[in-house]
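Asks: Here is a sequence together with a model predicted from it:
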Amino acid sequence: MKPFARTLIRYSSFISLSACLSAPSLAAEQPATMIIMDGSNSMWTQVQGQHKIVIARESLDTLVKGAGTTPLGLTTYGGKCNSVKVVGAIGMDSTELLKKASKLMPKGKSPIASALKAAANEVKNNGNILLISDGEESCKADPCETAATLKKHYPNLVINVLGFNAKDEAQLQCIATNTGGRFVLAQNTASIGALFTELQPIIEEKAINEVGSEGEVQVLTPDRNQPLRNPGTVKLSLGEVGKTDNLRSSYFIYTPDNQLVTQMTQGEVFTTQLSAGTYRVNALWKGFRQSQTITVAPKETTEYRFNIDRIGTLKLSAKDAEGKTVKANYALYDSNDKAITNYVLLEQVSELLPAGKYRVKATYNQNSLEQDVEVSPQGISEQTFEFKAPNS
């Protein structure tokens, strides 16, 4: 688990854990993330032929391996209404966390509110929660109200949610909204990796800013409640040189004294109001990183576009022992072994990427293959993984 063992800069990804991992804390120590895994009986139902619990474990594996040095813990629920268990305390070994998640056998009811309380008691005001859930509360409680109450008690707490059931979307969305978190609905297997991909730049940005020139942690304190002074508008975008299309990117805006003012992850255009003054903007896109100083004038709109001139296309596919194209999971890492993104159960992947060298891990039927590939500027790089029969 190389990314987990390396420096604070060794990640990113969905990570989110979200604004989870995104929101810098007032405390000097590194904020932790408690992951809540749904262990109720409905996790045995399937999405495109695969059990939801299996998909959740695979996504969790990608997330944990890309979480850098962020302290993680694991809470599960399912069974009776009092069946909530912190199976892994904050700071547990990542390999052990994945082992415990793999042993979770879904059954019974969904005491989501109780699980949120248990997780919040572990991370308190210096941590966040990632809830992976298939449905609504089934134990006569209101997790939406619980989330709002927890946010009042722990102002820095953020709860992000990965949901599997469109029918129960409203309640899960409310949990995230009431804490400033992000909600992603896994309507199909391809979208399940979306949350983890969106969280990745947040984790990476946070790690970079926590390490100062002397290796000391710099505490960032965003305050979104302060009134704007002589406000102006900022409009940010990022795209390929010579093209007008914008790429879905992440932006982080800082004051000159390195306070995080605001951020957006995975958007084509970021428009926001700021107090008049000078700011530093960091833009991130799939491993590409660039900074720019901008000046905001009162009642004016400041536009800035980040341009990339070295972009290529990577195409991935997989075949089984009979030579048939199959749906596989792919995890992509850059030349420094930092997680870039992941794809869940796709027959083919075609992705724009900054030119450079990458490592691709393909997984099919619990078997994995890895290959180093190079993406050329303006070119197309293709890689087909061939999964042979056992003992062949």
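Replies: Looks like it came in fine. Numbering: from 1, shown residues only.
Asks: pretty sure Ile253 contacts Leu260?
Replies: Yes: the pair Ile253 / Leu260 is scored as a contact, 7.4 Å apart, by C-beta atoms under 8 Å. In this view, the C-beta of every residue, glycine as well, is placed from N, C-alpha and C.
Asks: Quick check, pLDDT for Ile9.
Replies: Note for Ile9: predicted pLDDT of 22.
Asks: err, Glu382, not the other one
Replies: pLDDT at Glu382 comes out at 96.
Asks: And Ser42, by the same measure?
Replies: On pLDDT, Ser42 comes in at 82.
Asks: Look up phi and psi at the closest residue to it other than its chain neighbours.
Replies: Among residues not flanking Ser42 along the chain, Asp134 sits closest, at 4.7 Å (C-beta to C-beta, 6 or more residues apart in numbering). Asp134 adopts backbone torsions of phi -100, psi -10, taken as degrees, to the nearest 10.
Asks: From Ala89, how far off is Asp134?
Replies: 25 Å (C-beta to C-beta, to the nearest Å).
Asks: next one: Leu60
Replies: 17 Å.
Asks: now do Gly356
Replies: 38 Å.
Asks: how about the helices of this structure, start to end?
Replies: With helices called from DSSP state H, the chain shows them at 2-5, 19-22, 52-65, 94-102, 112-123, 143-153, 169-177, 194-210.
Asks: so what's Ile112 up against?
Replies: Residues near Ile112 by C-beta atoms under 8 Å, 6 or more residues apart in numbering: Tyr77, Leu131, Ser133, Glu136, Glu137, Cys139, Ala141, Pro143, Ile175.
Asks: Asp309: how many residues sit nearby?
Replies: Asp309: 10 surrounding residues under other C-beta atoms under 10 Å.
Asks: Next, the contact list for it, please.
Replies: By C-beta under 8 Å, 6+ apart, the contact list for Asp309 reads Glu240, Val241, Pro377.
Asks: Which residue is the nearest non-sequential neighbour of Gly127?
Replies: Leaving aside its sequence neighbours, Gly127 sits nearest to Ala32 (C-beta to C-beta, 6+ apart; 4.1 Å).
Asks: where's the one you found relative to Glu351, distance?
Replies: Separation of Ala32 from Glu351 (C-beta to C-beta): 31 Å.
Asks: next one: Glu322
Replies: Glu322 sits 27 Å away from Glu351, going by C-beta to C-beta.
Asks: between the two, who's got more neighbours?
Replies: A direct count of neighbours by other C-beta under 10 Å for Glu322 and Glu351 places Glu351 higher, at 16 against 8.
Asks: residues contacting the more buried one?
Replies: With contact set as C-beta under 8 Å, 6+ apart, Glu351 has these partners: Thr313, Leu314, Lys315, Leu316, Leu332, Thr341.
Asks: ok, now Leu98?
Replies: Counted by C-beta under 8 Å, 6+ apart, Leu98 has contacts Arg57, Leu60, Asp61, Val64.
Asks: How about Pro143?
Replies: Per C-beta under 8 Å, 6+ apart, neighbours of Pro143: Ile112, Ala113, Leu116, Glu137, Gln171, Ile175.
Asks: same check, this time on Thr75
Replies: Per C-beta under 8 Å, 6+ apart, neighbours of Thr75: 34-37, 84-88, 115, 118-119, 122.
Asks: cool, Ala148 as well?
Replies: For Ala148, counting by C-beta under 8 Å, 6+ apart, the contacting residues are Asn178, Thr179.
Asks: Specify which residues of the stretch 151-300 of the chain, grouped into ranges, have pLDDT under the cut-off.
Replies: Along the stretch 151-300 of the chain, the model assigns pLDDT under 70 to residues 165-169, 185-226, 265-266.
Asks: Give the burial count for the residue nearest to Asp245 when sequence neighbours are not counted, as a bare number.
Replies: Nearest non-adjacent residue to Asp245, counting by C-beta to C-beta, 6+ apart: Gly239, 5.8 Å away. Using other C-beta under 10 Å, Gly239 is surrounded by 18 other residues.
Asks: And for the one 3 residues further on?
Replies: Using other C-beta under 10 Å, the number of residues around Gly242 comes to 7.
Asks: For Asn41, list the residues it contacts.
Replies: Shown in contact with Asn41 (C-beta under 8 Å, 6+ apart): Gly78, Pro106, Lys107, Gly108, Lys109.
Asks: Phi, psi for the third one please.
Replies: Listed backbone geometry of Lys107 is phi -170, psi 150, with angles given as degrees, to the nearest 10.
Asks: thinking it is in contact with Thr76, fair?
Replies: No: with contact defined as C-beta under 8 Å, Lys107 does not reach Thr76; the gap is 11.0 Å.
Asks: Which neighbours do the two have in common?
Replies: Listed as contacting both Lys107 and Thr76 by C-beta under 8 Å, 6+ apart are Gly39.
Asks: and these two? which has more neighbours close in?
Replies: Comparing Lys107 with Thr76 by other C-beta under 10 Å, the one with more neighbours is Thr76, at 25 against 14.
Asks: gap between the more buried one and Leu150?
Replies: Distance, Thr76 to Leu150, by C-beta to C-beta: 18 Å.
Asks: So Arg248 versus Leu238, what's the distance?
Replies: 9 Å.
Asks: Same drill for the two, tell me which one is more crowded.
Replies: Remark: of Arg248 and Leu238, Leu238 carries more neighbours, 24 against 14, as counted by other C-beta under 10 Å.
Asks: what sits against that one?
Replies: By C-beta under 8 Å, 6+ apart, the contact set of Leu238 is Asn246, Leu247, Ser249, Ala283, Trp285, Arg305, Phe306, Asn307, Ile308.
Asks: same thing but 10 Å
Replies: By C-beta atoms under 10 Å, 6 or more residues apart in numbering, the contact list for Leu238 reads 246-251, 267-270, 283-285, 288, 290, 304-308.
Asks: Nearest to Ser275, out of the contacts of Thr75: which one, please.
Replies: Distances from Ser275 to the contacts of Thr75, taken as C-beta to C-beta, are shortest for Met34 (34.4 Å).
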